[in-house]
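J.: sequence and predicted structure below; questions after.
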Amino acid sequence: MTKADIVLEVSKKTGIDRGTALAVVEALMETVKESLENQQNVYLRGFGSFILKKRAQKTARNISKNTTIIIPEHNIPAFKPAKSFTERIK
């Protein structure tokens, strides 16, 4: 399912026009991104959580040059589905 499909479904289910539905979906995605940028997790009850996971510093190898590089500690976004969401999918 693409973003366009989601906008179409939101438009059908709520009765609002596509332009407004697109604005709502875009605003939701932008809000989630901004919250994660500010180190704040996003919790949507009954759906799931968008959280930041910390990756530890590690050593990697560039095989073509036969050199070692250090990858610094960094955060990555992750999604953890709610229990009710997981049960419904099963």
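T.: Looks like it came in fine. Numbers count the residues shown, from 1 in each chain.

J.: next up, the contacts around residue 69.
T.: With contacts taken as Cβ atoms under 8 Å, 6 or more residues apart in numbering, residue 69 has the following neighbours: 59-62. Yep, even glycine has a C-beta here, placed from its N, CA and C like the rest.

J.: and which of those is nearest to residue 84?
T.: Of all those, residue 84 sits closest to residue 60, with 38.9 Å by Cβ to Cβ.

J.: I'd say the closest one and residue 71 touch.
T.: Yes. Using Cβ atoms under 8 Å, residue 60 makes contact with residue 71 at a distance of 5.5 Å.

J.: returning to that earlier point: Serialize the contacts of residue 69 to JSON lines and add fields for distance to residue 28 and pLDDT.
T.: Below are those laid out as JSON lines (distance: Cβ to Cβ, whole Å; pLDDT from 0 to 100):
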{"residue": "59", "distance to residue 28": "38", "pLDDT": "93"}
{"residue": "60", "distance to residue 28": "35", "pLDDT": "93"}
{"residue": "61", "distance to residue 28": "40", "pLDDT": "92"}
{"residue": "62", "distance to residue 28": "39", "pLDDT": "88"}
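
J.: which of these fall within strands?
T.: By the criterion of DSSP state E, membership of those in strands covers 59-62.

J.: which of those sit farthest apart?
T.: Among the ones in strands among the contacts of residue 69, 59 and 62 lie farthest apart (Cβ to Cβ), at 11.2 Å.
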